[in-house]
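Okay, sequence plus prediction incoming.
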Amino acid sequence: MIKITMFSRADTIKGQGVGSAYNELIKLLKARFSNDFDVQINTYKKSDISHYHTINPEFYLSTFFKRRRGITVGYVHFLPETLEGSIHLAKPIQKIFNWYVLSFYRRMDKLVVVNPSFIPELKKAGIPAEKISYIPNFVSAEEFYQMSPEKKLALRQSHKIKPDKFVVLGVGQIQKRKGVDDFIRLAKENPEVSFIWVGGFSFGKITDGYEEYKEVYENPPANLTFTGIIDRSELVDYYNMANIFLLPSYNELFPMSILESFSCQTPVMVRNLALYESVISGYYLGADNFEEMNQDIKALQRNEALLKKYACLAHDASNYYSESHVGEIWYDFYTGLLKKEAEEVNI
């Protein structure tokens, strides 16, 4: 049995995708591969593989005890530039932080990226391509699924949403990078539509644009609801109440929210970003700017066939990014690490 230690503090901050991805992987490994992998959390006992999900300083220090850590794996959920628009730090602190992030990644024997668009940037930072693997995120179909029409209607009634009301859902932290400005503007431009944003200020006052968004958060337009940070188990209800899911982010990684929406067969609209082309191309409705988003929302209200088309595409995407498919990729990755190490020792 392979001993794997997971190092993570992702679940100490609610409402962020890194924590969701981490929890999904832990559940998958324990449910499907309990006879193959002995998974421990944040322990410093000797391991065959140490998998780092977050870059906390105490985890960085542990990498210097190579014999106890075994093969070190870094999970790359972000690069320094992808945090722009998420948190606001003084320039000297930001510079140190950026150096630290890349230094942490360089300490790893292997890196796993959640989006292949990260690979060229890591190579520019001096990390060899052979050290980098791409494994996509996934969500559990047991937690995120399409509900019956009767259940959807009951949910709308409990949330005081009319059965025929068109609902646009946004999910994520309230920050500039997520395109919240456009989401708010779209609500103002479409008063007949109900807009719901699920999420809050996970990083508190260091959130980029905190003061500006806090004002709107506390005094939103009549047709815009901010739920704040909720338990992840409640998210499935919102995806099923929505006609479309909209993620207007200017910069993204591999959003769990998109996969959650796919799994609920809720049509997905995003701002066109190059990084989506390598992971979910063909499964979503893309828009270049506010004007196109606004036009598409109006078109979707009028065109039931178009809504159905993107609901079907969401279903197709959910099959590809299923727990079983990605689970096999992780199994091959972990077992392959030790197999390769054994082959190198015998050379």
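Yep, that arrived. Bear in mind the structure is a predicted one, so any value in this text is a computation, not a measurement.

residues of stretch 278-289 that come out buried?
Within stretch 278-289, the residues that count as buried by 16 or more other CB atoms under 10 Å are 279-280, 283-287. No exception for glycine: its C-beta is placed from N, CA and C like everyone else's.

Run through the residues that contact Leu273.
If you count contacts by CB atoms under 8 Å, 6 or more residues apart in numbering, Leu273 has them with 249-252.

what's the answer for Ile135, then?
Going by CB under 8 Å, 6+ apart, Ile135 touches 112-114, 326, 329-330, 333.

and with 10 Å instead?
25, 75, 112-114, 326, 329-330, 332-333 (CB atoms under 10 Å, 6 or more residues apart in numbering).

Mind giving me the PyMOL command for buried ones among these?
Restricted to buried positions by 16+ other CB under 10 Å, the PyMOL selection for the contacts of Ile135 reads:
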select buried, resi 25+75+112+113+114+326+330
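
Just give me the least confident of the contacts of Ile135.
Ranked by pLDDT, the contacts of Ile135 bottom out at Val114 (87).

who touches it in this structure?
17-18, 21, 75-78, 134-137, 253-256, 279.

What segments of the chain are helices?
With DSSP state H as the criterion, the chain has helices at 17-32, 57-62, 66-69, 91-107, 119-124, 149-158, 180-189, 210-218, 235-241, 256-263, 274-277, 290-302, 304-320, 323-346.

Now tabulate those helices in JSON lines and tack on distance to Ala10.
Output for those, formatted as JSON lines (distance: least, CB to CB, whole Å):
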{"stretch": "helix 17-32", "distance to Ala10": "4"}
{"stretch": "helix 57-62", "distance to Ala10": "12"}
{"stretch": "helix 66-69", "distance to Ala10": "19"}
{"stretch": "helix 91-107", "distance to Ala10": "15"}
{"stretch": "helix 119-124", "distance to Ala10": "20"}
{"stretch": "helix 149-158", "distance to Ala10": "29"}
{"stretch": "helix 180-189", "distance to Ala10": "22"}
{"stretch": "helix 210-218", "distance to Ala10": "21"}
{"stretch": "helix 235-241", "distance to Ala10": "17"}
{"stretch": "helix 256-263", "distance to Ala10": "12"}
{"stretch": "helix 274-277", "distance to Ala10": "21"}
{"stretch": "helix 290-302", "distance to Ala10": "30"}
{"stretch": "helix 304-320", "distance to Ala10": "23"}
{"stretch": "helix 323-346", "distance to Ala10": "17"}
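
most tightly surrounded among the ones you listed?
Comparing these on average neighbours per residue, with mean count of other CB atoms under 10 Å, the densest one is helix 256-263 at a mean of 27.

That helix to helix 323-346, inter-axis angle?
Helix 256-263 and helix 323-346 are oriented at 130 degrees to each other (axes from the mean of the first three to the mean of the last three CA atoms, to 10 degrees).

pLDDT weak spots in the stretch 201-347 of the chain?
202-204, 206-209, 341-347 (pLDDT under 70).

isn't Leu235 right next to Val198, touching?
Yes - between Leu235 and Val198 there is a contact under CB atoms under 10 Å: 6.6 Å.

With respect to Glu215, which of the contacts of Ile135 is nearest?
Closest approach to Glu215 among the contacts of Ile135 (CB to CB): Val114, at 33.1 Å.

do you know how far the residue lying closest to that closest one once chain neighbours are set aside is from Tyr276?
Among residues not flanking Val114 along the chain, Phe254 sits closest, at 4.1 Å (CB to CB, 6 or more residues apart in numbering). According to CB to CB, to the nearest Å, Phe254 stands 9 Å off from Tyr276.

what do those two both touch?
Contact criterion CB under 10 Å, 6+ apart; residues shared by Phe254 and Tyr276: 115, 117.

What is the neighbour count of the closest residue in space to Ala21 that isn't next to it in sequence?
Leaving aside its sequence neighbours, Ala21 sits nearest to Asn137 (CB to CB, 6+ apart; 5.0 Å). Applying other CB atoms under 10 Å, we find 23 other residues in the vicinity of Asn137.
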